[in-house]
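Chemist: turn this into a model:
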Amino acid sequence: MNRIYDFIRRHPTWVDSCWAVLLLMISSVWFISSVESDSEGLPQGPKEQVAAVPIVLALCLVVALRRRAPEKMLVLTTGTGVAQVVTHVDVGPANFAMLVIVFTVASRNIRWASRFALGGAVAAPTIATLRWPEENQTLAGTILGDIFLTVTFVLAWVLGDSLRTRRAYYAQLEERATRLEKEREAQTQIAAAAERARIARELHDVVAHNVSVMVVQADGAAYVLDSAPDQAKQALSTISGTGRQALAEMRRLLGVLRTGESGPDGASGREGAGEYGPQPGVDQLSELIEQVRGAGLAVSFTIEGTPRPLPSSIELTAYRVVQEALTNSRKHGGPDVGATVRLSYGADELSLLAEDDGRGAEREMYEEGGTDGLGHGLIGMRERVGMVGGSLETGPRPGGGFRICAVLPLKAVH
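Modeler: Model prediction:
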């Protein structure tokens, strides 16, 4: 069936031609039967019988080409109707084409043709009633018949115009959906690019911090190499460990670091050049929690497992995820919201759970991309976690509120 529907949509003229052939066959049978039975259908004069042939053919042609050239077929129908009135060729099955062309023209976005078809739909039944009055028909019956035909033609025009309006409405909806989708994709790409740039800037400082530690340790080792060999050996060991950690972080960051960013003078565009301070990590989470509590958000903070030194990128990611989660709780949790943060040290991974019991913002966060329409916070969070090879789950919390769960691998990614 789908193939048949596709064929009909792709070849409308062929379908209309089949209907035109069927109409021609019915009209031919009616014409022959009328002549043979000497009925009141067609006038029996030879002139009328000869004129009926081109009129029937023209009306069948109207049905065949109604969708390919609706305006031309409307003009042809009008001329055929006038010829039919002049030659006194009686109304037959072929005149159904007039009803069809009224519907077709009304369904198109051609205003003059639609108005002309409406005028013809109102006038044609009355003209036919006056030109071919039925014998032994009362005045009331004639009026009712005329009204019935007029309503039928007008209804065909109304249906066609309704189809035109519906098509225009659907086309507008599709255009709007396409435009909104493109705008949303563009906004998402801009947000992701901006977040990648910010992450690259922060993580560049992390790598630079490791290098600066190596430089300081190397200078110190060179200074005490002769006077304190043990201290120099310890400094070299620190340099070796820091260098390995920096290489592991650079492998993680290689896919997201920016390229080609430069300032007006061709410099790297890095903010705060020469100032390489350590980035916040899990050790600073307690300070962050106290700061959030001071802002009025009740937070419960627990640590499971045995704390141990972590790579700088993991610590920074954990800190930023918790920071963003608590920020969302303050913004979207509503009044009297409480939050819980749990940090779990595993053998090969660091797990973070941040959730609140507020009203949440599920609709804005998921259906509209955030209350600002962009959802930069969640996008940035996923970028951070994905950059270190971790996984992130976000969503509504059973019983109300919002939950964010992140798992960060502790083994180096090679």
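
Chemist: what's the average pLDDT for stretch 22-35?
Modeler: Stretch 22-35 shows a mean pLDDT of 82.

Chemist: now do that stretch: distance to the chain's middle.
Modeler: Averaging C-alpha positions (CA atoms, centre = their mean, to the nearest Å) puts stretch 22-35 53 Å from its chain's average.

Chemist: list the buried residues of that stretch.
Modeler: Within stretch 22-35, the residues that qualify as buried by neighbour count (16 or more other CB atoms under 10 Å) are 23-24, 27, 30-31, 34. All C-beta spots, glycine's among them, are computed from the backbone N, C-alpha and C.

Chemist: secondary structure and distance to I101 added to the residues you listed, as JSON lines?
Modeler: Compiled in JSON lines, these are given as follows (DSSP: H, G, I helix; E, B strand; the rest coil; distance: CB to CB, whole Å):
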{"residue": "L23", "secondary structure": "helix", "distance to I101": "12"}
{"residue": "L24", "secondary structure": "helix", "distance to I101": "16"}
{"residue": "S27", "secondary structure": "helix", "distance to I101": "16"}
{"residue": "W30", "secondary structure": "helix", "distance to I101": "20"}
{"residue": "F31", "secondary structure": "helix", "distance to I101": "21"}
{"residue": "S34", "secondary structure": "helix", "distance to I101": "24"}
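
Chemist: pick the one among those closest to V75.
Modeler: L23 (19.5 Å; CB to CB).

Chemist: grab the nearest non-local neighbour of that closest one.
Modeler: Distance criterion CB to CB, 6 or more residues apart in numbering; nearest residue to L23, sequence neighbours excluded, is C60 at 5.3 Å.

Chemist: residues in contact with whatever helix or strand that neighbour lives in?
Modeler: Assessed by DSSP states H and E, C60 sits inside helix 46-64. Here helix 46-64 makes contact (CB atoms under 8 Å, 6 or more residues apart in numbering) with 13, 16-17, 19-21, 23-24, 27-28, 31, 35, 42-43, 73, 76-77, 79-80, 83-84, 87-89, 92, 94-98, 100-101.

Chemist: quick one: name whatever helix or strand follows it.
Modeler: Trace forward from helix 46-64 with DSSP H and E and the next one is helix 70-87.

Chemist: buried ones in that following helix?
Modeler: Per 16+ other CB under 10 Å, helix 70-87 contains these buried residues: 70, 73-74, 76-78, 80-81, 84, 87.

Chemist: and it, what does it pack onto?
Modeler: Secondary-structure packing of helix 70-87 (3 or more CB pairs under 8 Å, 6 or more residues apart in numbering; DSSP states H and E): helix 46-64, helix 96-106, helix 111-131.

Chemist: make JSON lines from these and add distance to L343 and mean neighbour count to it.
Modeler: Formatted as JSON lines, the helices and strands packed on helix 70-87 follow (distance: least, CB to CB, whole Å; neighbours: other CB atoms under 10 Å):
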{"stretch": "helix 46-64", "distance to L343": "77", "mean neighbour count": "18"}
{"stretch": "helix 96-106", "distance to L343": "70", "mean neighbour count": "24"}
{"stretch": "helix 111-131", "distance to L343": "69", "mean neighbour count": "17"}
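
Chemist: and the ones you listed as TSV, adding distance to G358 and mean pLDDT?
Modeler: Putting the helices and strands packed on helix 70-87 into TSV (distance: least, CB to CB, whole Å; pLDDT from 0 to 100) gives the following:
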stretch	distance to G358	mean pLDDT
helix 46-64	66	82
helix 96-106	56	91
helix 111-131	56	88
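
Chemist: which helix or strand contains the most centrally placed residue in the chain?
Modeler: The residue lying closest to the centre of the chain (CA atoms, centre = their mean) is E181, at 3.8 Å. Using DSSP H and E, E181 maps to helix 139-224.

Chemist: relative to helix 111-131, how tilted is that helix?
Modeler: Relative orientation of helix 139-224 versus helix 111-131 (axes from the mean of the first three to the mean of the last three CA atoms, to 10 degrees): 160 degrees.

Chemist: so S300 versus I404, what's the distance?
Modeler: Distance from S300 to I404, counting by CB to CB, to the nearest Å: 15 Å.
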